[in-house]
Every structure is written in C-alpha cells, then in structure tokens.
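1. got a sequence here, can you model it:
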Amino acid sequence: MVANATLPEELILQIVSRATVKTVGRCRCVSTVWRSLFSDPQFAKSHFQVSPKHQALIFLRDEKLKRVDFDLSNTASFEKESLVVRDLKAPFGHTWLRFLRSCNGLVALADFGQFLGKEESLFIWNPSTGFLKKLPSRRSNEKFIFGFGCASSSDEYKLLVGAKIFSFKTNSWKPIEMPPSCRRFDRGYGVLCRDALYWRPLYPVQGQDLYAFNLEKEEFSIMKLPEAFQTGRANSYSVIRDHRVTCDGCLFVMDETPVWDGGCAVEYHREFWVMREYGNSDSWTRSFGVKIPCPKQSGLRSSPLNFGAISVMETSAFVRNEAKEEEQKLMSTTYYRYEEENPHMYMIESGSCQKVVYEESLYCLA
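-> Now for the predicted structure:
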C-alpha cells in the first residue's frame, strides 16, 4: 500500500476549478499551500471560465441588503417554487448605497454620503468572498453617469463615474470627454457587453439610439437601435424599458407598448430585440414578445408593473417588478406565456430599484 500518495498539482487545479466558490473557500482552509494555490489570480480567472455559473440578485430594502439565488439553467422550477430571500451582511453602510453594476462577480457600488455632509465613497465588492476595495476620492460631485467593466485585451478593469474614469492598473482617476447628451441617459447605469458600456436615452423618441463607451479606447459612439424603433413608434407610447446582455452574450433591448381601451391601458406588450452580430446595427432581430394584462385600475398615468430584465434566453426571459414593495421571506414568481409565439417569461417581485445581478466568482482587485 502506497502511503502519502498525492495528486499532481495540475490535476488538483483542474478538479477544484470546477467546484463552487463556497467549496474553493473550504479548500483554502486545508493548508497554506492550498490557500496560496487557490488564491492565485490566474486560478480565479480559470475558475470563472469553467465552473458552473451561479447567479444571484442583491437588492436593498429598508436599508437592509437582501439576496436571492436562482438557477437560470432550470427556469421551469420558477413555476413551482418560490425563491428564498436571505439577509446579506456587508462591511459598509447602506443608507445612501447605490449599485453601479457588476462585472465578473465584482460589484461596483457607491455611498453618496454628501447628502449627510459626508464624503462620497466608492467600492468594489465581491459578495461571494467578502473582498472589498475602497477607491481614492475622485474630487468631483458629478455623478450623472456610471459604468463598470473590464477591457479584455488589456485585462484592465475601469470604473466610470461622472466625467472621470478610474483605472485599477494605475489606481488613479483621469478626466474624459463626455458627449453633450450624456445627462439624458436613463438612470445613468451603463450595461457591459464585450468591451463597451451602453446607455439608453431617458426619454426615447424617434431617431434616438444607444450610446456606447469603448473601455479600451475610452471613446463614446452611437449604436443604432432596430429600424422598427426609428419609424412609426414616435406616437405609439412605446418605451425602451431596459437593455442588457443575453445568456449568449448578445446585446438586447426590451420594448414596452401599452394597448388602450377607453383611455385605460388594458395590457402591455413586451418585445425583446437581440443584436445577433455584435457591433452590426443591421443584425437587430425581434426575438419574442409577451402580452401582460393590466389591473383594472391602471390608467393613463399609472403603470401596473415596473419591469427590469434579469436574464434573457432565446425564447424566455427572467424579469423583476420593482413596483411592489413589501417585506417577504419568499419571493414568488409570476409566469406568462404568449400562446401565439410560445415564449415564456418569469417575473419576480423584487420591490426595489437599488439592485444588482452578479455571477459568483473568486476575483479580487489589488
């Protein structure tokens, strides 16, 4: 019998890289050698690429952080099960907290404490590992636009706040030239797709498009919306409710059009348009649509739902409704199906506009 037999280090790395973040954390406690091995930045990168994807929704309710885990590979379970809402502890205050977006399991957030006479605080946080990095002051009060992402070719993370951009390689802020229309971006939170951040106009009208910021070149440009948005929709009350990235890595926009009867909205049509070929505005394709009935009290100035997309697949969507605000331990899902097209949409009642979706990872930024 062979005593003290050990596996080759390369094989150990391959095995553990396919484990969950929680399991890797336990492996780090085995020995100092394993702690060093599984804390290496290159291992974090390979782990994120090959480990099973696990997503979670973090949101703020009554100044308390909450977390909901979900499995997008099994959306059918949303019809039968309620999602569990858990309390989440964090090493920072929550009073003026704002989630600025996430990238590779890292969440950019801000505490705009100027309202209380305090200095603004900006952080990068990994909810899975507890990693937290406070950024140096940017010495500016402008905060009408936000964005966080990684330039893949240089592997450089950057945070855009107001008219300044922070580089995690140089650990410093620098000013950038902003387009005149940037103050009209909706909520100002940029969506990361490939190496660019995207914003939609606050009040989309005929002829308006998405604005893009290339993280590598640090330049703004315009991305054309689908041709259907440019013609015939100016007076139809259609609104671009959200834009995100599909599970396949494609940019999409979610459009809403109310159907009126006697001055009241009786239902809302939600359409999902996907850019099949990245960077090619001619490749926008209507993926599917869903019809959602409205409560009887819904009128001209009231919308029964305030949708935001969490994830979109080829013929299904997972969305949240921010309009419902109530304390709950279970988060139920509402299932919608449009018989004419056979798509599926699952809606959760998150009841908070301060939220972020992230994928678990081991990443940290020195």
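
2. doesn't residue 137 make contact with residue 119?
-> Yes: in this structure, residue 119 sits in contact with residue 137. The criterion is Cβ atoms under 8 Å, and the distance is 6.6 Å. Placement of C-beta: from N, CA and C, glycine included.

3. helices of the stretch 101-250 of the chain, start to end?
-> Assigned helices in the stretch 101-250 of the chain, in chain order: 227-230 (criterion: DSSP state H, counting those that start in this stretch).

4. in it, where is pLDDT below threshold?
-> Within the stretch 101-250 of the chain, the stretches with pLDDT under 70 are 113-118, 141-143, 181-187, 201-208, 230-241.

5. if we use 90, what do you get?
-> For the stretch 101-250 of the chain, the stretches with pLDDT under 90 are 101, 109-121, 137-146, 152-153, 161-163, 176-191, 193-194, 198-212, 221-250.

6. what about residue 50, neighbour count?
-> One way to gauge burial is a neighbour count; for residue 50, by other Cβ atoms under 10 Å, it gives 9.

7. who's in contact with it?
-> For residue 50, the contact set (Cβ atoms under 8 Å, 6 or more residues apart in numbering) comprises 17, 18.

8. for the longest helix belonging to the chain, the averaged confidence score.
-> As far as residue count goes, and with DSSP state H defining each element, the longest helix of the chain is helix 41-50. Helix 41-50 shows an average pLDDT of 94 in the prediction.

9. put the alpha carbons of that helix into PDB.
-> In PDB, the C-alpha atoms belonging to helix 41-50 read as follows (Å, rounded to 0.1, in the frame of the first residue of the first chain):
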ATOM      1  CA  PRO A  41      -5.400  35.500  -9.700                       C
ATOM      2  CA  GLN A  42      -4.800  33.100 -12.600                       C
ATOM      3  CA  PHE A  43      -6.800  30.400 -10.800                       C
ATOM      4  CA  ALA A  44      -9.600  32.800 -10.200                       C
ATOM      5  CA  LYS A  45      -9.700  33.500 -13.900                       C
ATOM      6  CA  SER A  46      -9.700  29.900 -14.900                       C
ATOM      7  CA  HIS A  47     -12.300  29.000 -12.200                       C
ATOM      8  CA  PHE A  48     -14.700  31.700 -13.500                       C
ATOM      9  CA  GLN A  49     -14.400  30.300 -17.100                       C
ATOM     10  CA  VAL A  50     -15.000  26.600 -16.300                       C
END
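
10. what are the buried residues along it?
-> In terms of neighbour count (16 or more other Cβ atoms under 10 Å), helix 41-50 has its buried residues at 43, 44, 46, 47, 48.

11. same check on stretch 222-230?
-> Residues of stretch 222-230 classed as buried: 223, 225, 226, 229 (neighbour count, 16+ other Cβ under 10 Å).

12. in CSV, list the residues you listed along with distance to residue 109.
-> Converted to CSV, the buried residues of stretch 222-230 look like this (distance: Cβ to Cβ, whole Å):
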residue, distance to residue 109
223, 26
225, 29
226, 32
229, 32
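
13. mind listing which of the residues you listed are in strands?
-> Within those, membership in strands is found for residue 223, as judged by DSSP state E.

14. if we take the buried residues of stretch 222-230, which one ends up nearest to residue 198?
-> Nearest to residue 198 among the buried residues of stretch 222-230 is residue 223, at 6.6 Å by Cβ to Cβ.

15. burial of the closest residue to that closest one other than its chain neighbours, as a residue count?
-> Using Cβ to Cβ, 6 or more residues apart in numbering and skipping residues adjacent in sequence, the residue nearest residue 223 is residue 210, 4.2 Å away. Burial measure for residue 210: 24 neighbouring residues, criterion other Cβ under 10 Å.

16. residue 210 and residue 197, how far apart?
-> Taking Cβ to Cβ, to the nearest Å as the measure, residue 210 falls 10 Å from residue 197.

17. what do you get for residue 191?
-> Here the criterion is Cβ to Cβ. By it, residue 191 lies 7 Å from residue 197.

18. helices or strands up against the helix or strand just after the longest helix of the chain?
-> Past helix 41-50, heading to the C-terminal end, the next element that is a helix or strand (DSSP states H and E) is strand 55-61. With contacts defined as 3 or more Cβ pairs under 8 Å, 6 or more residues apart in numbering; DSSP states H and E, strand 55-61 has these neighbours: strand 64-70, strand 97-103, strand 355-359.

19. if you set the cut-off to 6 Å instead, what comes out?
-> Applying 3 or more Cβ pairs under 6 Å, 6 or more residues apart in numbering; DSSP states H and E, one finds that strand 55-61 contacts strand 64-70, strand 355-359.

20. helix or strand next in line after the first one, which one?
-> Just to be clear, that refers to strand 64-70. strand 83-87.

21. so what are the sheet partners of that next one and their directions?
-> Strands that pair with strand 83-87, judged by DSSP bridges, come out as strand 64-70 (antiparallel), strand 330-331 (antiparallel).

22. which one of the ones you listed lies nearest to residue 310?
-> With respect to residue 310, and counting by Cβ to Cβ, the nearest of the strands paired with strand 83-87 is strand 64-70 at 8.0 Å.
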